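>>> just need the structure, nothing else, for what follows:
(chains A, B and C)
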Amino acid sequence: MIDMLNAEMITGFQEHLLHWYRKNHRDLPWRRTSNPYYIWVSEVMLQQTQVDTVIPYYEEFISRFPTMHELARAPQEEVLKRWEGLGYYSRARNLQSGVQEVVEKYNAKVPENKKDLLSVKGVGPYTAGAILSIAYQKPEPAVDGNVMRVLSRIFLIDEDITKVKTRQTFETILYDLIPEMEASAFNQALMEIGALICKPKGPICEECPLAHLCRSKAEGTQLHYPVKKKKMKPKDEAFVAVVLKDTQEKLLIQKRPEKGLLANFWEFPLLEMSDTQEDPLKVVKSYFNKKNHDLIIEWTKSEQTVTHTFSHLKWHVNIVVGTLREGTLNLGKMSQWISEKALKEYPFPVPQQKVMSIVGIDY
DNA sequence: AATACGTGGCA
DNA sequence: TTGCCAAGTAT
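Residues are numbered from 1 along each chain as shown, chains lettered A, B, ... in the order given. The predicted structure follows:
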């Protein structure tokens, strides 16, 4: 690789890429600012998430938390509510705690040096590089999936891009390629090429400003790159969601643990089933009977079931609706009765929203 | 180094 | 329906 990176080639790469970018880049909300906090928010939202999905979330998030101070002092519940539906919710929790850290430790000034920036919660090598280059014009690489796809095709790099270490290979090349004075446009241009031209399935090489430099194009092997290990199939898990009402039409909900999957989100109590064959109604009755013998609950099983696929899990959620006629539940700190109307104020993950939709709860 | 961590779009 | 894909980070 290094042998191709002579000065002439580097200059050509930069010129063609930047010229194309100036002419063809999209007008995105976060491209209208250089406020490091706004760049930060956008970069975190864009992690593993497509631009079209992010735009409305970004607008609302910035409008509700226009400065780091407002995000820092907001209740986590509300931050999660603003993130609801975006996925990878640890991003939201880490962003808020990262912002709190910057407010307290750096007097609300996003660090301009890589070491301090990387120490901030939720800021990894990509996000640090993006903030440094886009907000502060520093010549630092920002290697995401787009950049790895584009460069792997141009330079025939066949390292497995699912391995974290592979990122460093691309960073090394980029330190030679980044123009000292236009790191922001350069980094965004590389990602923009990846998103609009050098697409995973159907690259539009006829429109690519770098096509004349592209070794995979010369060979006709564009689709062999990037090299990527196949993903594992999501593991099946079965549950019963218990939608329990009391005589005043209030619903029982509980908060998920503060770590792990869907941390700190609310849900209808979820009972684990050993296998998909089990009778949901039986599981629920036995659970509440063990808990308290004096309860009188009318149960109805829903015939419909929710399936929801995460990156690594596939949930099969049976649904049982119950009305509590007599008796009192001993509620822990993580459970409470709330009105259907109040549900809207609480963050619920998508699988729970699907349950609501099936049992006719307006959310 | 390998795995956990969400969701929606599309072929 | 299934599989792949999208501006990664924490542990």
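>>> burial measure for residue A:331, as a count.
11 (other CB atoms under 10 Å). C-beta: built from backbone N, CA, C; applies to glycine.
>>> separation between it and residue A:340?
The gap separating residue A:331 from residue A:340 is 18 Å, by CB to CB, to the nearest Å.
>>> ok, residue A:312 next?
In terms of CB to CB, residue A:312 sits 32 Å off from residue A:340.
>>> look at these two and report which has more neighbours.
Per other CB under 10 Å, whichever of residue A:312 and residue A:340 has more neighbours is residue A:340, with 15 against 11.
>>> surely that one meets residue A:361?
Yes. With contact defined as CB atoms under 8 Å, residue A:340 and residue A:361 form a contacting pair (5.9 Å).
>>> what touches both of these two?
Residues touching both residue A:340 and residue A:361 (CB atoms under 8 Å, 6 or more residues apart in numbering) are residue A:251.
>>> name the element residue A:111 belongs to?
Assigned by DSSP states H and E, residue A:111 belongs to no helix or strand.
>>> show the contacting residues for it.
A:102, A:117, A:120.
>>> doesn't the last one lie inside a strand?
No. Residue A:120 sits outside any strand when classified using DSSP: H, G, I helix; E, B strand; the rest coil, being coil.
>>> could you find the closest non-adjacent residue to it?
Computed as CB to CB, 6 or more residues apart in numbering, the closest residue to residue A:120 that is not its neighbour in sequence is residue A:98, at 4.5 Å.
>>> residues touching the one you found, list them.
Applying CB under 8 Å, 6+ apart, the residues near residue A:98 are A:120, A:121, A:122, A:123.
>>> is DNA strand B within reach of the stretch of helix or strand residue A:56 belongs to?
Assigned by DSSP H and E, residue A:56 falls within helix A:51-64. Yes. Applying CB under 7 Å from any atom of the strand, one finds helix A:51-64 touching DNA strand B at residue A:53.
>>> quick one: list the elements packing against the helix or strand following that helix.
Counting by DSSP H and E, the element after helix A:51-64 in chain order, helix or strand, is helix A:68-73. Applying 3 or more CB pairs under 8 Å, 6 or more residues apart in numbering; DSSP states H and E, one finds that helix A:68-73 contacts helix A:90-105.
>>> close to DNA strand B: what parts of the stretch 1-150 of chain A are there?
Residues of the stretch 1-150 of chain A lying near DNA strand B by CB under 7 Å from any atom of the strand: A:48, A:49, A:50, A:53, A:85, A:86, A:87, A:88, A:89, A:90.
>>> what's the closest of those residues to DNA strand B?
When those are ranked by distance to DNA strand B (CB to the nearest atom of the strand), residue A:87 comes first, at 2.5 Å.
>>> quick one: secondary structure of that closest one?
Going by three-state DSSP: residue A:87 is coil.
>>> that one and residue A:47 touch, don't they?
No. With contact defined as CB under 8 Å, residue A:87 does not count as touching residue A:47 (9.8 Å).
>>> still on that earlier bit, show the model's pLDDT score for the residue nearest to residue A:120.
Turning to residue A:98, the model gives it a pLDDT of 98.
>>> can you check the pLDDT for residue A:1?
53.
>>> and residue A:303, helix, strand or coil?
Under three-state DSSP, residue A:303 comes out as strand.
>>> how much space separates it from residue A:281?
12 Å.
>>> neighbouring contacts of the helix holding residue A:56?
A:26, A:28-30, A:38, A:41-42, A:45-46, A:70, A:78, A:82-83, A:85-86, A:195.
>>> quick one: average pLDDT of that helix?
96.
>>> residues contacting the spatially most central residue of chain A?
The centroid of chain A falls nearest to residue A:88 when counting by CA atoms, centre = their mean (4.0 Å). For residue A:88, the contacting residues are A:47, A:48, A:49, by CB under 8 Å, 6+ apart.
>>> list the buried ones in stretch A:106-116?
Using 16 or more other CB atoms under 10 Å as the test for burial, stretch A:106-116 gives A:110, A:111, A:114.
>>> show me what from the stretch 201-350 of chain A comes close to DNA strand B.
So the stretch 201-350 of chain A meets DNA strand B at A:201, A:260-263, A:308-313, A:349-350 (CB under 7 Å from any atom of the strand).
>>> ok and the residue in the stretch 151-300 of chain A nearest DNA strand C?
Closest approach between the stretch 151-300 of chain A and DNA strand C, counting by CB to the nearest atom of the strand: residue A:200, at 3.6 Å.
>>> again with the stretch 101-250 of chain A
residue A:124 (2.5 Å).
>>> pretty sure that residue sits against residue A:118.
Yes. Applying CB under 8 Å as the test, residue A:124 and residue A:118 come out as touching, 7.3 Å apart.
>>> ok, stretch A:136-149 near DNA strand C or not?
Yes. Stretch A:136-149 is in contact with DNA strand C by CB under 7 Å from any atom of the strand, via A:144, A:145, A:146, A:149.
>>> before we move on, the earlier item: going through the residues of the stretch 201-350 of chain A next to DNA strand B, which ones are buried?
Taking 16+ other CB under 10 Å as the criterion, what is buried in these is A:262, A:308, A:310, A:349.
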